[in-house]
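Chemist: What would the 3D arrangement of this be:
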Amino acid sequence: MNRYPPIAEHGMVGDLQTAALVSSGGIIDWWCTPRFDSPSVFASLLDSERGGHCRLAAEYPDGNGIPVRQLYLSDTAVLVTRFMTPDGVGEVADFMVPLDSSAPQDRHTLVRVARVVRGSLPFALTCRPRFDYGRAPHTLTQEDEHYVRFHGPGADLHLQSTTGIPLRPDGSDITARFTLSAGQAAAVVLTSAASDGPAPQRPSLEQVADDFEACRAFWLSWLRPCTYRGRWQDVVNRSAITLKLLTYAPTGAPIAAATMGLPEQIGGERNWDYRYTWIRDAALSVRTLIDLGFHEEAHAFRHWLRERIEAGSTASGDPLQIMYRVDGDPHLTEEILDHLEGYQGSRPVRAGNAAADQLQLDIYGEASDALIVGRDIGAIRGWKALSDVLDWLADHWDQPDEGIWETRGGRQNFTYSRLMTWVAFDRGIYAAKGFSRPADVARWTSARDTVFRQIVEQGWHEQRQAFVQHYDTDVLDASLLLMPKVGFLSPRDPDWLSTLDAMDEELVSDSLVYRYDPTASPDGLRGSEGTFNLCSFFYVEALARSGRLNQARHAFDKMLTYANHVGLFAEEIGPSGEQLGNFPQAFTHLALVTAAMALDEELSRTEARPRTGDHRHPATHGLTVPAEGVQGGDARG
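Modeler: Numbering: from 1, shown residues only. As a prediction, the model looks like this:
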């Protein structure tokens, strides 16, 4: 067994309060419960010996590897791992029935169903839970041949099997071996619960089949309101399901990724905990959710965001902080888990996130845009809270901060941070027209115009003919791909097109986009990183809106080839095309959806009229300027 399967060799199942990763070898090597940000029960992805896992897979007697294929049932979160041998074809289906509830639940159930469709196959089960990131010992109680209970600190893990799978103790763990023939099935049900809770209902194959259908029906029903009918329907549907799986149903707060500690460079130190809600990531999702037709999800997050603004209590003391726990708790103390070796030796393994205390002024723009564009400020009380935040921002916008990428190398006057403070004031001025409560619109207008002048004068580098990362550098930054999207300038503005050209030359590698060059702009961390999937999809959208459709479609098609076997993306792509970083990453799938929608829209527009402009071949995309690209005003004018 591979001690550390590739990050990409996983699918994800979840119930909208927690999620588990299942490798293509049939191993659950990541599961935190009862919430996304709870300590793990299975974490062999971060330490193959100490982390704990649950394996259910077919075995082949000669010891050779078994051909495996993993897939999702279409438009659902039911994951199937199929084992194909000369003696038979079998599969394991993993699923969790969604708990689309406003109440947090202590009890969560993960179902694993083994079945054979041809011939006969032996299966093996190994369950080795390790509570509290592998730090806490557990004891085992066997109730009968088909039911065991693992007792951890304050929580239990129940394992029950249907008839045909006798469970055998292995120290404080469990193993089992059984054989199924064509048409036969057996199930293993894992239930996490509080230690003082009652035992779960004994499973039967009939009940498991009902739960399977309930899970499948939920996802098919949930996708029904989706309004996207474009060229990449399956890809967008998979990304939408992934975003839903990563959203905590009781509060509507989406997390950045299901995992923590997966490295941006194998063996490096860029290993962060992404199981929290970033204001930026979540706020940018609102418009996308609305465009896709998922108004309920968009409203739920805006309600959560309004509560954060109205509460005003943050660890940093500012009106908002960059991230919170899914229940809105602002305290995310970071600790090093020294006992874990990390994925392929990538240390340190961090739980919690110290970046929560950073000053990142861009979040005020993203939050304002999410509430105002969504027209869900929350009536007069919400408007008062938001206008108070904008009043605070009018006093604090002109200061260095850590920036969107959460660098740990010191504060700078980041252009993207200034851009989004411009957005905050711009959206606030627009919203003020609809409320009777007095607001200092004149002050906001003055601040907005001052920010605008500052960006075009100090964020623009004359020699590079491009907007740059911060005011004291000539380094480019892919976050600025959002400049046209937020309405700061036209996507056909000559200054924007020259910025896009400069990014093509410096940040783009065969359609993949780096965030920035850390060697030219030190970020306080050792090592390097791969291209950033989020930025690669933002790049597609920027190209499409600027009229460079051949280049945009080529870049989008190339990016889709880097998805894993079930259509999921981690945070980054490494030098050999491998997926790196936490997995799957919500922001990447959000950007994929916005890129697909933008590209669809622009392609349909050009197909409806005689085509002119972008004739560049993808391999020569930096050599000419499309005729359409000379339209629009000059941002510096």
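Chemist: which helix of this structure spans the most residues?
Modeler: helix 586-607 (DSSP state H).
Chemist: For it, which helices and strands make contact with it?
Modeler: Where contact means 3 or more C-beta pairs under 8 Å, 6 or more residues apart in numbering; DSSP states H and E, helix 586-607 is packed against helix 233-245, helix 279-292, helix 533-545, helix 549-560. Using the backbone N, CA and C atoms, a C-beta is placed for each residue, glycine as well.
Chemist: Show the average pLDDT along it.
Modeler: Across helix 586-607, the average pLDDT comes to 96.
Chemist: hmm, back to that, what's the closest of the helices and strands packed on helix 586-607 to Ser511?
Modeler: Closest approach to Ser511 among the helices and strands packed on helix 586-607 (C-beta to C-beta): helix 549-560, 3.9 Å.
Chemist: okay, the closest one in PDB with CA atoms only?
Modeler: The C-alpha trace of helix 549-560 is given here as PDB (Å, rounded to 0.1, in the frame of the first residue of the first chain):
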ATOM      1  CA  LEU A 549     -11.200  34.300 -26.900                       C
ATOM      2  CA  ASN A 550      -8.900  31.800 -28.700                       C
ATOM      3  CA  GLN A 551      -6.300  32.300 -26.000                       C
ATOM      4  CA  ALA A 552      -9.000  32.100 -23.300                       C
ATOM      5  CA  ARG A 553     -10.500  28.900 -24.500                       C
ATOM      6  CA  HIS A 554      -7.100  27.300 -25.000                       C
ATOM      7  CA  ALA A 555      -6.100  28.200 -21.400                       C
ATOM      8  CA  PHE A 556      -9.400  26.900 -20.100                       C
ATOM      9  CA  ASP A 557      -9.200  23.600 -21.900                       C
ATOM     10  CA  LYS A 558      -5.600  23.200 -20.700                       C
ATOM     11  CA  MET A 559      -6.700  23.800 -17.100                       C
ATOM     12  CA  LEU A 560      -9.400  21.200 -17.300                       C
END
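Chemist: List the contacts of Ala394.
Modeler: Residues near Ala394 by C-beta atoms under 8 Å, 6 or more residues apart in numbering: Phe425, Asp440, Arg443, Trp444, Ala447.
Chemist: that older thread, chain center to the longest helix of the chain: distance?
Modeler: Put simply, helix 586-607 sits 18 Å off its chain's centre (C-alpha atoms, centre = their mean, to the nearest Å).
Chemist: Looks like Asp173 contacts Leu125 (just checking).
Modeler: No - with contact defined as C-beta atoms under 8 Å, Asp173 does not reach Leu125; the gap is 10.6 Å.
Chemist: who has more neighbours, the two?
Modeler: Leu125 (24 against 18; other C-beta atoms under 10 Å).
Chemist: Can you identify the element that follows the helix or strand hosting that one toward the C-terminus?
Modeler: Using DSSP states H and E, Leu125 sits within strand 108-128. Proceeding N to C from strand 108-128, the next assigned helix or strand is helix 131-134, under DSSP H and E.
Chemist: Now that following helix: average pLDDT?
Modeler: In this model, helix 131-134 carries a mean pLDDT of 98.
Chemist: Next: stretch 457-469.
Modeler: 97.
Chemist: Show me how far that stretch is from its chain's centre.
Modeler: 31 Å.
Chemist: For it, measure first residue to last.
Modeler: By C-alpha to C-alpha, to the nearest Å, the extent of stretch 457-469 from end to end equals 13 Å.
Chemist: buried stuff in it?
Modeler: By neighbour count with 16 or more other C-beta atoms under 10 Å, stretch 457-469 contains the buried residues Gly459, Trp460, His461, Arg464, Ala466, Phe467, Val468, Gln469.
Chemist: thinking again about what came up before, most tightly surrounded among the helices and strands packed on helix 586-607?
Modeler: Highest mean neighbour count among the helices and strands packed on helix 586-607 (mean count of other C-beta atoms under 10 Å): helix 533-545, with a mean of 27.
Chemist: what is the orientation angle of it with helix 549-560?
Modeler: 160 degrees (axes from the mean of the first three to the mean of the last three C-alpha atoms, to 10 degrees).
Chemist: which residues make contact with helix 533-545 from outside it?
Modeler: 478-479, 481-482, 484-485, 491, 500, 503, 507-508, 511-515, 549, 551-552, 555-556, 559, 562, 569-573, 585, 587-588, 591-592, 594-595, 598-599, 601-603.
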